[in-house]
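[1] Next input, structure requested:
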Amino acid sequence: MFFMISLVLASALAQGEPTSPAAAPQGGQGPRPVLPGERGHILKMTREMIELAKTHDSERRMQLFLDHAQERLRERESLQKETPGTERERLGRGLGESYTRLVSTGAGGAIECGAAEGHDMNRAAAEYIERTRQHHEGWSQVVAGSPAEERPHYAETLAVSGKAAGRVREAQEAGRSFYNQERLKEEARNREKVSEAPKAPGPLDKTPKKTPETPAAPGDPAHRNPDGDHREGDRKDADAHKDDRDPSRPEHHSHPHRPHR
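    This is a model prediction of the structure:
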C-alpha cells in the first residue's frame, strides 16, 4: 500500500501542482484550500497519508491527525461560500465525517498508543483538548450557516470538542491498562524462565570417593577366600601324608615300652 501511494505521489509531483483559480489567494486570508472533487485534492490526501506513514512518534502523529482535521474544517468553511445545492451539502457532510474520524479515532488513537507504549501523554492530551475547542468555534459557524435540514448531520462533529476531555481520559486509561497487562505478562514469562533454568551445582565435595572394585571372575585367585585357601591347602597336605602310611601296620597310640634293665 505504501509503495502504491509513493508511486501516485511521484507521478503527481512530476506533473506539477495544478494552477487553477480554485487555488488562488482569496481576500488576504491565505490560499483557498483545494476542495474534494477538484484537481489536486487526491494529491493532497496522498501527501497526508505518506506523512502519517513516515511518523512513528505517538505525540507527533496526534499533532498530524489534528492538522489534517483542521484542513477538513478549512475545506468546509471554503465550501460554505459556494453556491448552495445538493452537491455542496453532500461534500460538506463528507468533510464533517472525515473530521470526526481524524480527531476521535486518529488523534485519540495516537494518545492511546502512546500510553500503551508507556509514554507520558499528558501534554498531548492537553493539546488535543485545546485544539478541538478551537475547531468547535469554526464548526459552530458552519452549522449555523447551513440549511436547517443539514444541521443534524453535524451533531457528532460538534460533539467531538465537547467530548474531548472524556475521549482523552478514555484513551489514556485504555493505553495504560494495556501497558500494565503486557508488563505483568512479561514478568510472568521471566519468572518461568528462572524456574526452568538449570540449577547451579553446589559446593564441591572434597571427600575422596572410593573407586568401585570390579568383581573378579570365578577361578581368579583374587576371587578366592584367603581363609578358605589355607584350609584347602592343609587338607591336601594331610591327605598326602595319609597316603604315605602303611595301611597294614596298626597305629600305636600308647607310649613306647621301656627297655629292660
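[2] where does this structure dip in pLDDT?
    Residue ranges of the chain with pLDDT under 70: 1-30, 199-261.
[3] which stretches of it form helices?
    Secondary structure of the chain (DSSP state H): helices at 2-15, 41-53, 58-79, 86-100, 108-116, 122-144, 155-162, 164-196, 226-244.
[4] out of these, nearest to Arg32?
    Closest to Arg32 of these, according to C-beta to C-beta: helix 58-79, at 5.6 Å. Every C-beta, even on glycine, is put in place using the N, C-alpha and C of the backbone.
[5] Check which helices and strands the closest one is in contact with.
    helix 41-53, helix 86-100, helix 108-116, helix 122-144 (3 or more C-beta pairs under 8 Å, 6 or more residues apart in numbering; DSSP states H and E).
[6] and among these, the most buried is which?
    Mean neighbours per residue, mean count of other C-beta atoms under 10 Å, is largest over the helices and strands packed on helix 58-79 for helix 108-116, with a mean of 24.
[7] That one versus helix 155-162: what angle between them?
    Counting by axes from the mean of the first three to the mean of the last three C-alpha atoms, to 10 degrees, helix 108-116 points 40 degrees away from the direction of helix 155-162.
[8] residues making contact with helix 108-116?
    Applying C-beta atoms under 8 Å, 6 or more residues apart in numbering, the contact partners of helix 108-116 are 58-59, 61-62, 65, 121, 124-125, 128, 167-168, 170-172, 174-176, 178-179, 182.
[9] that older thread, I'd like the helices of the chain laid out as CSV, including distance to Val34.
    Shown next, in CSV, are these (distance: least, C-beta to C-beta, whole Å):
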stretch, distance to Val34
helix 2-15, 12
helix 41-53, 5
helix 58-79, 8
helix 86-100, 12
helix 108-116, 25
helix 122-144, 18
helix 155-162, 21
helix 164-196, 28
helix 226-244, 115
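[10] mind checking which of the ones you listed is nearest Leu35?
    Closest to Leu35 of the helices of the chain is helix 58-79 (C-beta to C-beta; 5.6 Å).
[11] follow-up on the earlier one: TSV for the helices and strands packed on helix 58-79, including distance to Ala188?
    Formatted as TSV, the helices and strands packed on helix 58-79 follow (distance: least, C-beta to C-beta, whole Å):
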stretch	distance to Ala188
helix 41-53	35
helix 86-100	40
helix 108-116	19
helix 122-144	29
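[12] So for Lys193, which of the ones you listed sits nearest?
    helix 108-116 (24.1 Å).
[13] any idea of the angle the closest one forms with helix 58-79?
    170 degrees.
[14] For Ser161, which non-adjacent residue is closest in space?
    Excluding its sequence neighbours, the residue lying closest to Ser161 (C-beta to C-beta, 6 or more residues apart in numbering) is His136, at 3.5 Å.
[15] I'd guessed Ser146 sits against Ala155; true?
    No: counting by C-beta atoms under 8 Å, Ser146 sits too far from Ala155 to count as a contact (12.0 Å).
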